[in-house]
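In: sharing a model prediction with you, sequence too.
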Amino acid sequence: MPMRKLQVAAFAALALSYATGIHAQNSYGIGRAATPAEIAGWNIDIDRHGNNLPPGSGGVSHGREVFDRQCAACHGAKGDGCIGDQLVGGQGTLATPKPVRTVGSYWPYAPTLFDYIRRAMPQNAPQSLTNDDVYAVSAYIFHLIGLLPAEATLDAKALSAIKIPNRNMFVGDLRPDVENPACMKDC
Amino acid sequence: MDRGVRLKLVLQEAGLQAGAKWVVAEGADAAALTRSVPIEKCLGDAVLVYSQNGERLRPQQGYPLRLLLPGFEGNMSVKWLRRLRVAAEPTYSREETSKYTDLMPDGSAREFTFYMEAKSVITRPSGGQRLSVPGFHEISGIAWSGHGKIKRVDVSVDDGQSWQEAQLQEPVLTRALTRFRLPWHWDGQPAVMQSRAIDETVYVQPTLAELLAVRGENYYYHNNAIWPWRIGTDGAVTNAHA
C-alpha cells in the first residue's frame, strides 16, 4: 500500500505547513495543504496551560457516575489503583523509599489529565467519552484528590486554574551526574 | 537497518517560523501517544522511517510511518505517526510528565531526560546459558551510547578487581550497537564477569552502586548500569545482582 504511506507522510508534512504558514524555497511541491476541518479532527493536544481545552463542563457528581461505569474496574472504586494506575493519594511519599506517584502526588499539570483521559481512556474504547464526561470525571478525580469540593464543576477555565502541589518539583536533565573512575587494576 | 526521510527535509518543506522550538509527535495508536521533541533533534538526525531491514515497516514497528530519534529513549520514536505539530513549548503530555520522568531521592523529578547514556552487556556467556567445560571461551557482548560512538569497552572476569580492554568489531558507528570480544580461559572456578562501555564523550558506564548512590532506587527509566553475570562451578550463568 505505497500510496497510503505517501499520503501519511504528505499529510504529516502539510499539517506542519498549515501550522506555520511559511513555505521554504526550492520546495518539492509534494501534496496539498491540510484543510482546517482535517486538522480539527485530530487537533486534541492540550498543553500545560490548558490551551485548546474544548467548550463544555462537568461536575463532580456526574463524574462519579462516569468513573464508576468507565474507570473503577481498573483504577479502583476510589481511584486507589488496581490493574490500572493509582490516581489519588501518595502526597508526601515522593522522597521516601516507597513513593506513590498519582495524579495528586506527582503530576505537574491539571490540564494534562483531561488530555490523557480524552485521548486514551477508557482503555477499551479511547476517545469515546464526550467532552462533558471528561470534564466531569476530571472533576471527580480532583475531588478525590482533595483539590475540589463535592459541588465543583470544571470547564476550561476552572481546570486550567487547578494547581497540583508537585508542579514545582520538576527539574531538567542534570546528566552526566554519575562518575565511574574506570579503574583498571587493584580496584 | 532503517530507511526513511530526514525529518529536517520535511520541516524545511513545510517551513519553520522563528518561534519553532519543539515538534509534538502523535501516534495513530489507540492511546494517540504524544511526545515532544526538541527542534534541534528534529533538524539533526531524526528520521521518518518507512522501511526496516529491506521490507516495509511491520505493524508492530509502526507501519506505515514512524519517527526514529537515534540515542533518545525509545518511547519517543513514535510509531504509526499521524501528526507532527510545531510548537513553542513541549505539550507536557502524560508520557512526558507522569511517565518518563525520573524521580530522585529528594522528591524532585527530572523531566525531558531524552538521551540514553552509554551501556553494554555481555551476551555470551549470559544469564540462562551454561558453559559446557572449563577451557577457552570467547566473551562477547554489545555496547551502545546515545551520545555517539563507543570508544572502548573494558571487561572484568574477577568481580571488578581488574579490567581488560576488549576488541571492538568494526564498523563502529555512532549511536549503533557495537560488538566487543575478549578471549577468556575459564578455570572451572566460580567467577563474576561484566563489561563497561566508554563512549566518545569519555563518559564511563557506571556500576549499579555508583548509579544508585546518586539517583536512588526509585529511578528506573535510564538504568544504564554495568550488569554482572555469575558463573557457577557447574558453568551455569546467572544474574550476579540477584
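Out: Sure thing, it's come through. Residues are numbered from 1 along each chain as shown, chains lettered A, B, ... in the order given.

In: measure residue A:87 to chain B for me?
Out: Applying C-beta to the nearest C-beta, to the nearest Å, the value for residue A:87 to chain B is 10 Å. The C-beta positions use only the backbone N, C-alpha and C, and glycine is treated the same way.

In: mind checking pLDDT for that residue?
Out: We note a pLDDT of 98 for residue A:87 in this prediction.

In: swap in residue A:15?
Out: Residue A:15 is assigned 47 on the pLDDT scale.

In: please apply the same query to residue A:23.
Out: 48.

In: span of stretch A:151-160 from start to end?
Out: 18 Å (C-alpha to C-alpha, to the nearest Å).

In: do you know how far the residue lying farthest from the centre of chain A is from chain B?
Out: The outermost residue of chain A relative to its centre, with distances by C-alpha atoms, centre = their mean, is residue A:186 at 50.8 Å. Here residue A:186 is placed at a distance of 7 Å from chain B (C-beta to the nearest C-beta).

In: likewise for residue A:135?
Out: 17 Å.

In: next up, the contacts around that residue.
Out: Residues near residue A:135 by C-beta atoms under 8 Å, 6 or more residues apart in numbering or on different chains: A:56, A:57, A:58, A:63, A:114, A:153, A:154, A:155, A:159.

In: repeat the analysis, applying 6 Å as the threshold.
Out: A:56, A:57, A:58, A:154 (C-beta atoms under 6 Å, 6 or more residues apart in numbering or on different chains).

In: now do the SS call for it.
Out: helix (DSSP: H, G, I helix; E, B strand; the rest coil).

In: can you give me the helices in chain B?
Out: Using DSSP state H, the helices assigned to chain B run over residues B:7-14, B:39-42, B:208-215.

In: can you check chain A too?
Out: Along chain A, counting by DSSP H, helices occupy A:2-20, A:36-42, A:60-70, A:72-75, A:111-120, A:131-145, A:156-161.

In: and the residue nearest in space to the middle of chain B, how far is that from residue B:72?
Out: Per C-alpha atoms, centre = their mean, the C-alpha nearest to the average position across chain B is that of residue B:116, at 5.1 Å. To residue B:72, residue B:116 is 7 Å away according to C-beta to C-beta, to the nearest Å.

In: okay, the nearest residue to residue A:116 once chain neighbours are set aside: pLDDT?
Out: Spatial nearest neighbour of residue A:116, excluding adjacent residues (C-beta to C-beta, 6 or more residues apart in numbering or on different chains): residue B:94 at 4.0 Å. At residue B:94, the pLDDT value in this model is 97.

In: looks like residue B:110 contacts residue B:97 (just checking).
Out: No - with contact defined as C-beta atoms under 6 Å, residue B:110 does not reach residue B:97; the gap is 11.7 Å.

In: of the two, who's got more company?
Out: More crowded of residue B:110 and residue B:97, by other C-beta atoms under 10 Å in any protein chain shown: residue B:97, with 24 against 20.

In: how is chain A partitioned into domains?
Out: Domains of chain A are assigned by automatic domain parsing as A:2-42, A:58-168.

In: tell me, which of those domains is the model least confident about?
Out: domain A:2-42 has the lowest average pLDDT among those, namely a mean of 61.

In: from residue B:208, how far out is the residue nearest to residue B:211 when sequence neighbours are not counted?
Out: Leaving aside its chain neighbours, residue B:211 sits nearest to residue B:225 (4.6 Å; criterion: C-beta to C-beta, 6+ apart). Noted for residue B:225: a distance of 4 Å to residue B:208, by C-beta to C-beta.
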